[in-house]
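Asks: whatever this is, show me its structure:
(4 chains)
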There are 2 protein chains.
Amino acid sequence: MRAFDILGEPVRRRILELLADGERTAGQVSAVIQEEFGISQPAVSQHLRVLRENGLVTVLAEGTRRLYAVAPSPLKDVDLWLERYRKFWNQRLDSLETDLARGARESRVGPERPEADARVPPDTERTARPRPDGEA
Amino acid sequence: MRAFDILGEPVRRRILELLADGERTAGQVSAVIQEEFGISQPAVSQHLRVLRENGLVTVLAEGTRRLYAVAPSPLKDVDLWLERYRKFWNQRLDSLETDLARGARESRVGPERPEADARVPPDTERTARPRPDGEA
DNA sequence: GACTTATATAAGCAAGTGCTTCTATGATCG
DNA sequence: CGATCATAGAAGCACTTGCTTATATAAGTC
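Replies: Here you go, the predicted model:
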């Protein structure tokens, strides 16, 4: 699951986005990234290296050019890891089609425990039980 | 897409895995993580904070306990981001069901460019054209 | 009310990571 | 063959991050 680490970098994510539309030379990628992020060519090259060394992209040397393309493998692992969490949002939707596509290994939906008390979204926090004293 | 950053941490990923099976108190999580990773309670608490502050988990204060549970939102974003890459491995499979579930917005499969030359998987690299000289 | 339990926060340090500039390598072009 | 282009590598530095220990807070217990 090394992939998460690698995808943590915005630049690397962007590179993958570029490659998702089709293969690109290192130079083409560099041009866009340098433009968008204001970093140097070696910086981009280093990111490409990380992606390459971790199997997220493949390279094809064509003369002096390097053609980069998306390699599915580690991304697929990420997708697989997410598997167990999909129920957390799928249960809100119809979830039929997705379950079907996912192999329907989680046909039952619904939380393991009915969380009656509304869960606080970000950092906020609430005492679960009503304060015995009335006012805080 | 901050989520990737956060999931890059093995400990945090593990915490989410624990919570995927149902909510747990901070103490329960701590116990397991400390056991598995050999880190201190504050270290775990800090990871919980990161998860909390970024909306990956929700907290419910119950007396002196803190009940943590998975919050789907940012994970869903990750799932969505992966969307565009699924074709890279789905095209190898039947891909019918998945395309269906995913909304079939990418009914056409197959690479944008036929990559006749076999792509090298990890770091290795090959010259695309046959060397004019016969021997390197 | 003092003690303990459950959890969080603070400060400090060490390691990792990404950027920069400089340089190397290797193909292409004249 | 020498210059130039496309790309990668190396060294060094700054920032971030995760850990530790020490401590705070707040709730339960006697």
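Asks: could you find the closest non-adjacent residue to residue A:3?
Replies: Leaving aside its sequence neighbours, residue A:3 sits nearest to residue A:74 (CB to CB, 6 or more residues apart in numbering or on different chains; 3.9 Å). Backbone N, C-alpha and C define where each C-beta goes, glycine included.
Asks: who's in contact with the one residue in chain A that gets nearest to DNA strand D?
Replies: Nearest residue of chain A to DNA strand D (CB to the nearest atom of the strand) works out as residue A:27 at 2.0 Å. Applying CB atoms under 8 Å, 6 or more residues apart in numbering or on different chains to residue A:27 gives the contacts residue A:65.
Asks: buried residues, the helix or strand where residue A:5 lies. List them.
Replies: Using DSSP states H and E, residue A:5 sits within helix A:2-7. Of all the residues in helix A:2-7, those buried under the rule 16 or more other CB atoms under 10 Å in any protein chain shown are A:3-7.
Asks: and it, average pLDDT?
Replies: Averaged over helix A:2-7, pLDDT sits at 93.
Asks: near DNA strand D, anything from that helix?
Replies: No - with CB under 7 Å from any atom of the strand as the criterion, DNA strand D is not reached by helix A:2-7; the gap is at least 9.1 Å.
Asks: packing partners of that helix?
Replies: When contacts are defined as 3 or more CB pairs under 8 Å, 6 or more residues apart in numbering or on different chains; DSSP states H and E, helix A:2-7 packs onto helix A:10-20, helix A:73-90, helix B:2-7.
Asks: nearest to residue B:69, of the ones you listed?
Replies: helix A:73-90 (9.1 Å; CB to CB).
Asks: residues near the residue in chain A that DNA strand C sits nearest to, how many?
Replies: Distances between chain A and DNA strand C by CB to the nearest atom of the strand are smallest at residue A:63, namely 2.4 Å. Other residues near residue A:63 come to 8 when the count uses other CB atoms under 10 Å in any protein chain shown.
Asks: and the pLDDT at it?
Replies: Confidence score, pLDDT, at residue A:63: 94.
Asks: ok, now residue A:88?
Replies: In this model, residue A:88 carries a pLDDT of 88.
Asks: for the spatially closest residue to it that is not a sequence neighbour, list the residues it contacts.
Replies: Leaving out its chain neighbours, the residue that sits closest to residue A:88 by CB to CB, 6+ apart is residue B:72, at 3.9 Å. Contact analysis of residue B:72 by CB under 8 Å, 6+ apart lists A:85, A:88-89.
Asks: helix or strand next in line after the helix or strand harbouring residue A:58, which one?
Replies: Using DSSP H and E, the element containing residue A:58 is strand A:57-62. Once the chain leaves strand A:57-62, the next helix or strand it forms, by DSSP H and E, is strand A:65-70.
Asks: who does that next one touch, helix- and strand-wise?
Replies: helix A:10-20, strand A:24-25, helix A:26-37, helix A:41-53, strand A:57-62.
Asks: what about it, near DNA strand D?
Replies: Yes - if you take CB under 7 Å from any atom of the strand as the test, strand A:65-70 does meet DNA strand D, through A:65-66.
Asks: in that strand, what's buried?
Replies: So for strand A:65-70, counting by 16+ other CB under 10 Å, buried means A:66-70.
Asks: and the contacts of stretch A:35-43?
Replies: Under CB under 8 Å, 6+ apart, the answer for stretch A:35-43 is A:10-11, A:14, A:30, A:33-34.
Asks: for chain A, which residues are neighbours of DNA strand D?
Replies: Counting by CB under 7 Å from any atom of the strand, the positions of chain A adjacent to DNA strand D are A:25-28, A:30, A:41-42, A:45-46, A:48-49, A:59, A:64-66, A:127.
Asks: one more pass at 6 Å, please.
Replies: Taking CB under 6 Å from any atom of the strand as the contact definition, chain A meets DNA strand D at A:25-27, A:41-42, A:45, A:48-49, A:64-66.
Asks: need the buried ones from these selected in PyMOL.
Replies: Buried residues among the residues of chain A next to DNA strand D (16+ other CB under 10 Å), as a PyMOL selection:
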select buried, chain A and resi 26+48+66
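Asks: got phi/psi on the residue lying closest to residue A:69 once chain neighbours are set aside?
Replies: Nearest residue to residue A:69, sequence neighbours excluded (CB to CB, 6+ apart): residue A:23, at 3.9 Å. Here is the backbone geometry of residue A:23 (degrees, to the nearest 10): phi -70, psi 150.
Asks: I'm done for today, thanks for sticking with me.
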